[in-house]
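Enquirer: Could you work out the structure for the sequence below:
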Amino acid sequence: MENVDHILVVDDDREIRQMVADYLKKNGLRVSMAGDGREMHAVLDTTAIDLIVLDVMMPGEDGLVLSRNLRAGKHRSIPILMLTARDDETDRIIGLEMGADDYVVKPFSSRELLARIKAVIRRTRMLPPNLQVTEMSRVLAFGKWRLDTTARHLVDEQDVVVALSGAEYRLLRVFLDHPQRVLSRDQLMSLTQGRDAEHFDRSIDLLVSRLRQRLLDDAREPAYIKTVRSEGYVFSLPVTLVGDDA
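Expert: Numbering: from 1, shown residues only. Below is the predicted model:
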C-alpha cells in the first residue's frame, strides 16, 4: 500500500484551517488540524506527522515560538511550512531562522501551498537516514568542541561559549546528524535556505567557510568539515552524546 503523507495544519482561524485541510485531502493527503500550540502537541504526541503547516500570527504562543520549541524538542525532524500574513522580509527571515523550512504569504493560492508542501517533503527526504543523535541528548561532543542544542551555541575545551548565527547552527546540526556521510551542496542548500536556495549559487560554500572559522578549522587542511571534490562536504569526525551536566 502506498504511503500517504500526513499533514498537520495549525491555524487559529477555523475557516482557513478547514479550507486548507479540504484542499489537501482532495489532493490525496491525510490531514489533521489544530487551533493552537496545545492542540498541535496533542496531535504530535499521538500521530506520525510528515509536515506541519504553521500559522505565524496566533494568540498565545505564535508560530515563531512554536517553531523554535519544535526544533528544540523531540519533534525537531518534522519539516515546517510557515503561513505569514505579511510579505515582510524580516518576518520571513525570522521564521527561517527559527527553524521553518519554507513559507507561504497570505492570501495564498491553494495550488502554491500544495506545491510548497510537496517540495519541502521531497527536500527533506533527499538526505540519508537521520541518525537522530540530537534527539537523544542536549549536548553533542566532537573533536575539541561541544554543541549545546538547547542554548544553540558551541563550547570549547576551556568552556568558552562561541555564538552561532541561525544559519550556522542549522548547518552544523545537519552535519552532526549525519557524521561521516557525504552531503551534496544541493542537499545542504535546501536544508539551510529552503525555498530561496535557488537564488544563492555559492552561498553554501560561504556558510561552510564561516562555520569552519567558528570551529577554528584550517580551510586548507580541515579536520572537521572536509570538501569532497565534485560531491559536496563531509563532517569527518564521530559525534558522541554527553550528559546534561557537561
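Enquirer: drop to CA atoms for contacts and neighbour counts, all remaining ones
Expert: OK.
Enquirer: could you point out the longest helix in this protein?
Expert: Scanning the chain for the helix with the most residues, using DSSP state H, yields helix 110-124.
Enquirer: What strands line up against the helix or strand just after that one, and which way round?
Expert: For helix 110-124, the succeeding helix or strand toward the C-terminus, using DSSP states H and E, is strand 139-142. Here strand 139-142 is paired, per DSSP bridges, with strand 145-148 (antiparallel), strand 240-242 (antiparallel).
Enquirer: out of these, deepest packed?
Expert: The highest mean neighbour count among these, using mean count of other Cα atoms under 10 Å, belongs to strand 145-148: a mean of 21.
Enquirer: This protein: strands as residue ranges?
Expert: Counting by DSSP state E, residue ranges of the strands within the chain are 6-10, 30-34, 51-55, 80-84, 102-105, 139-142, 145-148, 153-155, 161-163, 182-183, 225-228, 232-235, 240-242.
Enquirer: L44: which of those is closest?
Expert: L44 lies closest, by Cα to Cα, to one member of those: strand 6-10, at 8.5 Å.
Enquirer: tell me the contacts of V242?
Expert: The contact partners of V242, taken as Cα atoms under 8 Å, 6 or more residues apart in numbering, are 137-141.
Enquirer: circling back to that earlier point, take the strands paired with strand 139-142 and lay them out in CSV including mean pLDDT.
Expert: Shown next, in CSV, are the strands paired with strand 139-142 (pLDDT from 0 to 100):
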stretch, mean pLDDT
strand 145-148, 92
strand 240-242, 82
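Enquirer: Deepest-packed of the strands of the chain, please.
Expert: Among these, strand 51-55 has the highest mean neighbour count (mean count of other Cα under 10 Å), at a mean of 26.
Enquirer: That one versus helix 110-124: what angle between them?
Expert: 130 degrees (axes from the mean of the first three to the mean of the last three Cα atoms, to 10 degrees).
Enquirer: what's the average pLDDT for strand 51-55?
Expert: For strand 51-55, the mean pLDDT works out to 94.
Enquirer: Check stretch 8-16 too.
Expert: For stretch 8-16, mean pLDDT is 94.
Enquirer: who's in contact with that stretch?
Expert: Contacts for stretch 8-16 (Cα under 8 Å, 6+ apart): 17, 20-21, 31-37, 40, 49-55, 58-59.
Enquirer: now for the strands paired with strand 139-142, which one comes closest to A163?
Expert: Closest to A163 of those is strand 145-148 (Cα to Cα; 10.4 Å).
Enquirer: and the angle for the longest helix of the chain with strand 6-10?
Expert: Taking the same axes, to 10 degrees, one finds helix 110-124 and strand 6-10 inclined to each other by 120 degrees.
Enquirer: Buried residues in helix 110-124, which are they?
Expert: By neighbour count on 16 or more other Cα atoms under 10 Å, the buried set for helix 110-124 is 113, 116-117, 119-121, 123-124.
Enquirer: got it, and stretch 61-68?
Expert: Here stretch 61-68 shows 62-64, 66-68 as buried, counting by 16+ other Cα under 10 Å.
Enquirer: Let me know the average pLDDT across it.
Expert: Stretch 61-68 comes out at a mean pLDDT of 86.
Enquirer: Just the CA trace of that stretch, in CSV.
Expert: Below are the C-alpha coordinates for stretch 61-68, written out as CSV (Å, rounded to 0.1, in the frame of the first residue of the first chain):
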residue,chain,number,x,y,z
GLU,A,61,2.3,31.1,21.6
ASP,A,62,2.7,32.3,18.0
GLY,A,63,4.1,30.3,15.1
LEU,A,64,7.6,31.6,15.6
VAL,A,65,7.7,30.5,19.2
LEU,A,66,6.2,27.1,18.4
SER,A,67,8.6,26.6,15.6
ARG,A,68,11.6,27.3,17.8
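Enquirer: What is the distance between it and the centre of its chain?
Expert: 13 Å (Cα atoms, centre = their mean, to the nearest Å).
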